[in-house]
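1. the following block contains a protein sequence and its predicted model.
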Amino acid sequence: MKPAPFTYHRPRSLDEALSVLAEVGDEGKVLAGGQSLLPMLSMRLASPGHLVDVNAVPGLDTVVADGAVGDGVVRVGALVRHSALERDGGATATQPLLARALRHVAHPTIRNRGTTVGSIAHADPSAEMPAVLLLLGGSVEAASVRGSRTVAAADLFAGPLETTLAPDELLVAATFPATAPRTGTAVCELARRHGDYAVVGVVAAVGLAVDGTVERARAAYVSAGDGDVVDLTAAAAGADPARPGWAHEAGELARSQVGVEPDIHASGDYRSQLVAVLTARALTEAAGDARVTRAQETKARETSEGAA
Amino acid sequence: MNEQHVSVTLRVNGVAREVDVPSRRLLSDALRHDLRLTGTHVGCEHGVCGACTVLLDGQPVRSCLMLAASADGHEVTTVEGLADPDGTLHPVQQAFVECHGLQCGFCTPGFVTTIAAYLEENPEPTEADATEAIAGNLCRCTGYQNIRRAVVRAAEITRERA
């Protein structure tokens, strides 16, 4: 279990990294945290001719959190480790779903090395952060010697372990929008051990109407579905989130809409059951979170009106 | 075969070291083969078991999931670097002795490094915290109960020595 030989590159600047990637083309693979790539190399599931280690490129390890509820974003650089983003107070204040989801990403030791942007670039359907980016409608910045472009999450993922990025492109950052007004989020997943790959995971967002009833409900799936965000509003709109069991119907809608595959860990039927149950649970939690957000917004508005 | 080699300069257990290794050399193998520090154990070699855990700039990482080349310019602490120079065991090592936290010992270096770093940030863990702290490491002998106790005991020893 050792990687096959490759030519190793350790660029010291972004320009140098992009030049190397352009030069090596299809033969190149970017190494950031390597927590998915190294096992693939060791098991020889991948044997790129050139490995471009971006860990010495300056300026890629920053988190910029900007703005309050409703507008603003969290911009995460390509070398930000999961653990650093998880502990970033500004990021958590702007978009609390990040830290909530990151606690489910592998074990702390893996999070110390793995990068959030790398996980997105890896596009593993069993990974949490691509689902978070999709659900929030975030985007990524792809750079190459040809220039830089922004790619919306919905246009990034082409399938399991595949993105629409060109071989010479480097993901330099991912941008997650701040919490939308009166909106809450939650992550629920079942794994054999906490930190292992989820048998099924659900990342959900619920938006409340001004009167406090459910206005919108959406979910993205880990280890289930085809990578699209599933709109569950039809089964949830108008519900009173204080009424126990209100999300049951939305869970059943998810069961009918989210395709699943059997594997050695779970049958298809069991996965579908988890989709229904975890969807209802995540929506319930997200609605609870939305009520907290809504209360804070009301309070902030009253305070500012009082001050005026 | 003309395989590419890279020169890697790093600090290991406080000592500056330089190794010339094939670029595909894993950090775990560089520590064991090139630096002869065989305290770091290699179990699954794909990041699942945690036996190869070392501290990279103080943070626990899987040394089998890093290239030696990526450690260039960094500080690595292995299990050999935890005890005091006079031989006094690190609190976590002492706690493993007292609590019978190991049987065959294969997984132990990974547990000890992981727990040592964990206690730096969480000096007063409960047994529930301890379970969470060791959840990323596999042990096939002990059933984990004594390792859990060792986490709590290590925190006590640290306080006793302070």
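-> Structure received.
2. only C-alpha atoms from now on, for both contacts and neighbour counts.
-> Will do.
3. could you list the low-pLDDT ranges of chain A?
-> Residue ranges of chain A with pLDDT under 70: A:67-70, A:307-308.
4. do chain B as well
-> B:1.
5. next, count neighbours for A:P5.
-> Counted with other C-alpha atoms under 10 Å in any protein chain shown, residues neighbouring A:P5 total 19.
6. give me the longest helix you can find in chain B.
-> The longest helix of chain B (DSSP state H) is helix B:145-161.
7. please enumerate the helices of chain B.
-> B:27-29, B:91-99, B:108-121, B:127-133, B:145-161.
8. pull the CA atoms of the third one into CSV?
-> Provided in CSV are the C-alpha atoms of helix B:108-121 (Å, rounded to 0.1, in the frame of the first residue of the first chain):
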residue,chain,number,x,y,z
THR,B,108,-0.9,2.8,21.8
PRO,B,109,1.5,5.4,20.1
GLY,B,110,-1.5,6.8,18.1
PHE,B,111,-3.7,6.9,21.2
VAL,B,112,-1.0,8.5,23.3
THR,B,113,-0.2,11.3,20.8
THR,B,114,-3.9,11.9,20.1
ILE,B,115,-4.7,12.2,23.8
ALA,B,116,-1.7,14.3,24.7
ALA,B,117,-2.8,16.9,22.2
TYR,B,118,-6.4,16.6,23.2
LEU,B,119,-5.6,17.4,26.9
GLU,B,120,-3.7,20.5,25.9
GLU,B,121,-7.0,22.0,24.8
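9. so that helix versus helix B:145-161, what angle?
-> Relative orientation of helix B:108-121 versus helix B:145-161 (axes from the mean of the first three to the mean of the last three C-alpha atoms, to 10 degrees): 50 degrees.
10. swap in the second one?
-> In terms of direction (the same axes, to 10 degrees), helix B:91-99 departs from helix B:145-161 by 120 degrees.
11. which non-adjacent residue is nearest residue 11?
-> In the absence of a named chain, this looks at chain A. Counting by C-alpha to C-alpha, 6 or more residues apart in numbering or on different chains, A:P11 lies nearest to A:A17, which is 5.1 Å off, once chain neighbours are set aside.
12. correction: the question concerned chain B.
-> Nearest to B:R11 is B:E75, by C-alpha to C-alpha, 6+ apart, at 4.6 Å.
13. how far away is the one you found from chain A?
-> Between B:E75 and chain A the computed distance is 14 Å (C-alpha to the nearest C-alpha, to the nearest Å).
14. tell me which residues touch that residue, please.
-> B:L10, B:R11, B:V12, B:N13, B:G14, B:L55, B:L56, B:D57, B:G58 (C-alpha atoms under 8 Å, 6 or more residues apart in numbering or on different chains).
15. now rank those by neighbours and give me the top one.
-> Going by other C-alpha under 10 Å, B:L55 tops the contacts of B:E75 with 24 neighbours.
16. that one against B:T77, yeah?
-> Yes: if you go by C-alpha atoms under 8 Å, B:L55 and B:T77 touch, sitting 4.9 Å apart.
17. helices or strands next to the helix or strand harbouring A:V24 in the packing?
-> According to DSSP states H and E, A:V24 maps onto helix A:14-24. For helix A:14-24, the packing partners by 3 or more C-alpha pairs under 8 Å, 6 or more residues apart in numbering or on different chains; DSSP states H and E come out as strand A:50-53, strand A:139-144.
18. adjacent strands (with direction) for whichever helix or strand comes after it?
-> Helices and strands here follow DSSP H and E; after helix A:14-24, the next one along the chain is strand A:28-31. In the sheet, strand A:28-31 lines up against strand A:50-53 (parallel) (DSSP bridges).
19. list of residues touching the partner strand?
-> Taking C-alpha under 8 Å, 6+ apart as the rule, strand A:50-53 contacts A:6-11, A:17, A:20-21, A:24, A:27-32, B:70.
20. please enumerate the strands of the stretch 151-300 of chain A.
-> Along the stretch 151-300 of chain A, the stretches classed as strands by DSSP state E, counting those that start in this stretch are A:157-159, A:162-163, A:170-177, A:183-191, A:198-208, A:214-222, A:230-231.
21. residues touching the longest helix of chain B, excluding its own?
-> Under C-alpha under 8 Å, 6+ apart, the answer for helix B:145-161 is B:91-96, B:98-102, B:115, B:119, B:123-127, B:130-131, B:134.
22. perfect, that will be all.
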